[in-house]
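Participant: Build the 3D model from these lines:
(2 chains)
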Amino acid sequence: MASLPGLNDSLHPADLGVDLNEPKHVSITAGSEWRVDVPQESKLTIKVHSGVAEIFGTELASDVPYVFQGTKFAVYAVEDAEFEWTSPELTSHSISSDTNMKFIYNVHFALEKLRVSSFEGPRVLIVGESCTGKTSLAKTLCAYAIKFKAHQPMMVNLNPQECIYSPPGCLTATPISDVIDVSSSTWGQSMTSGATKLHNKQPIVKSFGLEQISENKERYVSTFQQLANAVRGRVQNDSTVRRSGLIIDTPPLGQLSDDFSELKEIIYQFKVNAVVVCAKDDTLALKLNEHLPVETLAIVRLPTSSGVVQTDDVYKRALQRNAIREYFYGDFNTVLSPYTIGVDSDMITVWQPKSVLVQSDSQDDLLPVEINASNLQHALVAISYASRRSSSEEVSASPILGFALIMDVNDTKRKLRVLLPVPGLLPDKAMILTAYRYLE
Amino acid sequence: MECDKIAKDFASILDELTCNSKPIISTLTKMAEENIGCAQQMVDAIERRIERCVPNQKLYAFYVLDSICKNAGSPYTIYFSRNLAQLYKRTYLIVDNQTRSDLIKMFKTWLMPSSSSMGDHLFGKEALDAIERFLVKASALHQKHVAAPTVPGLLREIDKLSLLTRERAAQNPHDAKLKTKVVVLQQLKQELQREKMPPQALQQVQMQLRQIFAQEQQVLQQQHQQQQLQHQHQQQRLPRKALSTPPPQAPGATPAPRESEPVSLFGTPSLSSSFFPNASNIQPPTSEPSQKASKVQALYDTLRAEGLVKPVPQQSVVTLDRILSQNHKESAQTTLPPLNLLKDILGDVQSHFSTVGVDILNTPNLQLCQQTVIQDNPTVMQLRHLLYRYKPNKCSTCGKRFGSSEEEKKQERDHLDWHFRINKRIKGTAGANGATAKNIQSRNWYLDDTQWQRFNDEEIVSTTRSETDSVTLANLDASTASSSFSTSKFDAKSAPEKTEADLAKKYVTVPETHEDMSFQCPICREVQSAVYNDDIGEWIWPNCIQSQGKYFHSTCFHEAVEETPQQALNQGLERLKGLAG
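Facilitator: Numbers count the residues shown, from 1 in each chain, chains lettered A, B, ... in the order given. Take a look at the predicted model:
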């Protein structure tokens, strides 16, 4: 692959690439996929000329350029497809016919049958170790679910390191009511105040705020319990979502307890009735069969695709950074205008989730944070619906209004500069510090 | 019904377009921009106008098409793309040269990537390609008609002609005329090379040359025919001797003497007639060979009538060759549609047949269990089509698919209109004050749990909502959310403090006396339908207030009242009442 003309040509600056690079043509036969890794600083444009091609279940429009940045993905050819791609420096790409799409179709149509045969759609939990294709499967199943009938499956993300319609550190639930944005690493935009190319999504967001689940498993559990409460209410009110069911993505099993206690709680809270195990062999599925309440569950194993990529921390961090930037500033299709304000440091109240990494004797889940540069500089904070003078418990139980970025803390003047997504005053609300920092 | 009226108005204005009138064109464009819902009707009207009006007015209708597509863009561009090539071609063929060049000028602007369609061409590539191909051919013809003769070109013609004449002279060494002809041609050539002639003179020379050439050609043709006839005679004499009875005629085989290929100066023979408009007027020279030829022809006809000359039988090589050469010509002329289109059609047909009558509910082997997931399931391979070509109409912007039922077609239209509106908003629209309102936007706050649980995504994905419809926004003051539901009566004095979100929460319970479940806001003219409120167990009109027996959107009402100074409030109310009436 590296011998393709232009690939190793690093003379061209990345942002001029589109003009400088000749489009290259690829044709993939039905059933194969084109796997590609677009580096963070690079850009890839794809234009489908003929055939039917999709990215994680979302079909690409013909002759429309799709732009990708800092992402790894595959274009799957449902029918023989021809497309052109342009990129100044694409590190690797390959075509493979060794996919697990056949099995995914099997799973999808089994779920679709459940959707049409009952008012209560399937509630699917996707589990597996890290890098086994869980999120890709969730995305594909969501994309397929909206294609045939006007279903709106609820996508539930329980992996705080993933960013699905939210910045990192969150657990979210989002009815997938329209096409997923294949170019966006966060699946698309959550609601904005103006016009966007595709329909936005309206997620409910719960901030876990820590990087590792193991730092505070109780908080993780209580966070997804809150999410489950919200989801229950929505499913009750919204017959379309109820009929379409839930698709729940989970953190890698290695991050959860060995006795599957969190999984059991998830299954209980979300009334899960199907588990899809992403694994190379049957070991995990057999083990889950022993530990989970199989009388109310269908447990199936989905063979892993040869296309799953081993993602490292650097890649994950980059995606999380992108998600924070997208939350405030949007992407190249949708430019958002955030708003910077100056506030006195005694005008804000910040709490911090307890973590095993930080010594504390308090029984509370949230600990007060002293307002200074070392604590807050460049920090992403969640703004809760609870007022500034609320107690730790109240803040803990409160919904999330959104996020703010502490751009700058001036300890001597006791002033902060805060980036808000929405223009206006700083809401007089309690904030919760997250483990994520963002420096522009 | 409203659409019909608009379309009628549109068509009647269009009929007035008998000259290149800018005001009319811009009026029509504006109508088209404002009534996207009636796009199809207007497109029909313009297409009809172009088809039916007198040729010298067709261009102006095309200007309307052009203006609408450039200003309003999609969906007009999409609708027009369908028949554009046909329409353009037909128009081009019947208009005069000036109009043609205007048409070409207009076409050239279409080839520029337009700003309105995000760098793409204004119309579909296929339509533009078809027109371009057509124009290339047409202008090639055109140019040959009018191209001024050049000296080198004439020299070449003379050379060819001399060659032909010399050839003939060699065959008939006694023909003195031919010899002089060769000499004259030679002289003409020298003249041309030596002197610079005015274009008119050159044209005259060309005309004469062509006349001579035509004559020459005719002579050659006759000679050729003659030779062929003699040849046939010789051929047929032999078998006739061997046979005692005339052979049965092959049924259906028409005896036709093979046409000789005419020799042409300018390549293809079929074109030569158009290059020699006077050729038909030239009388064949009554020279000896032609008289001989006609005698021979007469002889042949008599022989054939007597059944003495056998027509070329069907199995003969001559017939075969004729058929082959005909077939060859035909197959070269039929150009197949692009391969991709054929593949698409094939795919649609395949998927139609594999999904016809399919019902997931009654399909066996679809239960969620390990066996089903890992097996090769032929049923699933069939069902797969439901995700793709089962809905054959793919949105060219986002790839979403739509089926071919009436309902789905309507959805598709709404969807396309939605893309159109959104694109327009993203581009930014020129406001009334001339300033361009850019699509400046920011992230919204997330809804709280209660709001989110009540939220329905129909609010987002509905393609028929208007910009002014209220949107659910996060209610920062969550504690007062329930209390604001209690008032429905509008109080103008406390209004200035109210935020739009608060105003939008006002509602009116649908009165039992009201015969339908919707009201039309007299200010924005939007029709608001009732929604069921779970909390109070009543049908309500959201974002609604009642004033003096009329129902208004509370946001509209508030805006209208706010514009009026406090002291003139009553006046304002009067004005609103007037509106309502």
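Participant: mind showing which ranges of the stretch 201-350 of chain A have poor pLDDT?
Facilitator: Filtered on pLDDT under 70, the stretch 201-350 of chain A yields no residues whatsoever.
Participant: For the strand or helix carrying residue A:105, which residues meet the burial criterion?
Facilitator: According to DSSP states H and E, residue A:105 maps onto helix A:101-117. Neighbour counts using 16 or more other Cβ atoms under 10 Å in any protein chain shown place A:101-115 of helix A:101-117 among the buried residues. No exception for glycine: its C-beta is placed from N, CA and C like everyone else's.
Participant: Same check on stretch B:206-218?
Facilitator: By neighbour count on 16+ other Cβ under 10 Å, the buried set for stretch B:206-218 is B:206, B:209, B:210, B:212, B:213, B:214, B:215, B:216, B:217, B:218.
Participant: ditto for stretch B:412-432
Facilitator: Buried residues in stretch B:412-432, counting neighbours by 16+ other Cβ under 10 Å, are found at B:412-413, B:415-427.
Participant: Show me those that map onto helices.
Facilitator: Mapping those onto helices (DSSP state H) picks out B:412-413, B:415-427.
Participant: Keep only those residues that also lie close to chain A.
Facilitator: Among these, the ones lying near chain A by Cβ under 8 Å from any Cβ of the partner chain are B:422, B:423, B:425, B:426.
Participant: follow-up on the earlier one: just after the helix holding residue A:105, pick out the following helix or strand.
Facilitator: strand A:123-128.
Participant: Send me that next one as PDB with only the CA atoms.
Facilitator: Written as PDB, here are the backbone C-alpha positions of strand A:123-128 (Å, rounded to 0.1, in the frame of the first residue of the first chain):
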ATOM      1  CA  ARG A 123     -33.300  -4.400  24.700                       C
ATOM      2  CA  VAL A 124     -29.900  -5.500  23.600                       C
ATOM      3  CA  LEU A 125     -26.700  -5.300  25.700                       C
ATOM      4  CA  ILE A 126     -23.500  -5.500  23.800                       C
ATOM      5  CA  VAL A 127     -20.600  -6.800  25.900                       C
ATOM      6  CA  GLY A 128     -17.000  -7.800  25.200                       C
END
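Participant: residues contacting residue B:414?
Facilitator: Applying Cβ atoms under 8 Å, 6 or more residues apart in numbering or on different chains to residue B:414 gives the contacts B:463, B:464.
Participant: From chain A, how far out is it?
Facilitator: Per Cβ to the nearest Cβ, to the nearest Å, residue B:414 is found 13 Å from chain A.
Participant: for residue B:536, same thing?
Facilitator: Distance of residue B:536 to chain A, given as Cβ to the nearest Cβ: 16 Å.
Participant: And residue B:506, by the same measure?
Facilitator: 21 Å.
Participant: Give me the neighbour count for that residue.
Facilitator: Neighbourhood size, residue B:506 [other Cβ atoms under 10 Å in any protein chain shown]: 26.
Participant: pretty sure it is touching residue B:545, no?
Facilitator: Yes - contact criterion Cβ atoms under 8 Å: residue B:506 and residue B:545 qualify, at 5.4 Å.
Participant: who does the one residue in chain B that gets nearest to chain A bridge with?
Facilitator: Closest contact between chain B and chain A, by Cβ to the nearest Cβ, is at residue B:441 (2.7 Å). Here residue B:441 shows beta-bridge partners residue A:336, assigned using DSSP bridges.
Participant: Now for it: which residues touch it?
Facilitator: Taking Cβ under 8 Å, 6+ apart as the test, what residue B:441 contacts is A:192, A:193, A:194, A:195, A:196, A:334, A:336, A:337.
Participant: what do you get for residue B:40?
Facilitator: If you count contacts by Cβ under 8 Å, 6+ apart, then residue B:40 has B:79, B:413 around it.
Participant: any idea how far it lies from residue B:91?
Facilitator: Per Cβ to Cβ, to the nearest Å, residue B:40 is found 21 Å from residue B:91.
Participant: Check residue B:399 too.
Facilitator: Per Cβ to Cβ, residue B:399 is found 34 Å from residue B:91.
Participant: now the nearest residue to residue B:520 once chain neighbours are set aside: how far from residue A:126?
Facilitator: Leaving aside its chain neighbours, residue B:520 sits nearest to residue B:527 (5.0 Å; criterion: Cβ to Cβ, 6 or more residues apart in numbering or on different chains). Distance of residue B:527 to residue A:126, given as Cβ to Cβ: 44 Å.
Participant: The two: which has the busier surroundings?
Facilitator: Neighbour tally, residue B:527 and residue A:126, criterion other Cβ under 10 Å: the higher count belongs to residue A:126, 25 against 10.
Participant: Please look at the more buried one and residue A:251 and confirm they touch.
Facilitator: No - counting by Cβ under 8 Å, residue A:126 stays clear of residue A:251, with 10.9 Å between them.
Participant: Would you point out which residue of the stretch 201-350 of chain A is nearest chain B?
Facilitator: Ranked by Cβ to the nearest Cβ, the top residue of the stretch 201-350 of chain A for proximity to chain B is residue A:233, at 3.6 Å.
Participant: Might you report the residue contacts of that residue?
Facilitator: B:449, B:450, B:453.
Participant: count of neighbours near the first one?
Facilitator: Which is residue B:449. 22.
Participant: now the residue nearest to the spatial centre of chain A, what's its secondary structure?
Facilitator: The geometric centre of chain A, computed from its C-alpha atoms, lies nearest to residue A:164 (Cα atoms, centre = their mean), at 2.4 Å. Secondary structure, DSSP: H, G, I helix; E, B strand; the rest coil: residue A:164 is coil.
Participant: How about it, nearest residue that isn't a chain neighbour?
Facilitator: Nearest to residue A:164 is residue A:157, by Cβ to Cβ, 6+ apart, at 4.3 Å.
Participant: now residue A:338
Facilitator: residue A:328 (4.3 Å).
Participant: my read is residue B:386 is in a helix, agree?
Facilitator: Yes - under three-state DSSP, residue B:386 falls within a helix.
Participant: and it, what does it touch?
Facilitator: A:147, A:148, B:355, B:358, B:360.
Participant: Name the nearest residue to the first one, sequence neighbours excluded.
Facilitator: If I follow you right, that is residue A:147. Once flanking residues are discounted, residue A:147 sits nearest to residue B:387: 4.7 Å by Cβ to Cβ, 6+ apart.
Participant: sorry, back to before: what does the helix holding residue A:105 rub up against?
Facilitator: With contact meaning Cβ under 8 Å, 6+ apart, helix A:101-117 is reached by A:31, A:33, A:76, A:121-122, A:124, A:137, A:140-141, A:144-145, A:148-149, A:151, A:243-245, A:274, A:276, A:300, A:302-303, A:305, B:360-361, B:363, B:366-368, B:372-377, B:380-381, B:383-384.
Participant: can you give me the angle it makes with strand A:123-128?
Facilitator: 160 degrees (axes from the mean of the first three to the mean of the last three Cα atoms, to 10 degrees).
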